[in-house]
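Visitor: Next comes the sequence, and after it the predicted model I'd like to discuss.
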Amino acid sequence: MKTIIYINNMISPQCVNTVREELYLTGLTVHSVMPGVALVEGEVNHNEISARLEAHGFELLASDILD
């Protein structure tokens, strides 16, 4: 299933690259990452993603499952 993840504090291309890498490391297929939002596919573990993002100064805001 595809999920949109909303992320706070992403302001630069380096932020996009860091978030992409961290989402990939959780085992997700990363379709796209833009400042503030990522489209991923797979089993989303909010606790793991939140911890990984917070380690870099980002904040997981919310997520929406797409049909």
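Guide: All right, it came through fine.
Visitor: contacts, neighbours, all on C-alpha from now
Guide: Fine.
Visitor: quick one: residue 26 from residue 10, how far?
Guide: Per Cα to Cα, to the nearest Å, residue 26 is found 19 Å from residue 10.
Visitor: Neighbour count for those two, which is higher?
Guide: residue 10 (19 against 15; other Cα atoms under 10 Å).
Visitor: Give me the secondary structure label for the more buried one.
Guide: coil (DSSP: H, G, I helix; E, B strand; the rest coil).
Visitor: just checking, it touches residue 16?
Guide: Yes: between residue 10 and residue 16 there is a contact under Cα atoms under 8 Å: 6.7 Å.
Visitor: what's the overlap in contacts for the two?
Guide: The contact sets of residue 10 and residue 16 overlap at residue 35 (Cα atoms under 8 Å, 6 or more residues apart in numbering).
Visitor: From residue 1, how far out is the closest residue to residue 48 other than its chain neighbours?
Guide: Excluding the flanking residues, the one nearest residue 48 by Cα to Cα, 6 or more residues apart in numbering is residue 26, at 7.3 Å. For residue 26, the distance to residue 1 (Cα to Cα) stands at 15 Å.
Visitor: Equivalent analysis for residue 56, please.
Guide: Applying Cα to Cα to residue 56 and residue 1 gives a distance of 26 Å.
Visitor: For the two, indicate the residue with more neighbours.
Guide: residue 56 (13 against 10).
Visitor: quick one: contacts for the more buried one?
Guide: Per Cα under 8 Å, 6+ apart, neighbours of residue 56: none.
Visitor: Numbering from 41 from now on, please.
Guide: Renumbered: residue one is now 41, and that last one reads residue 96.
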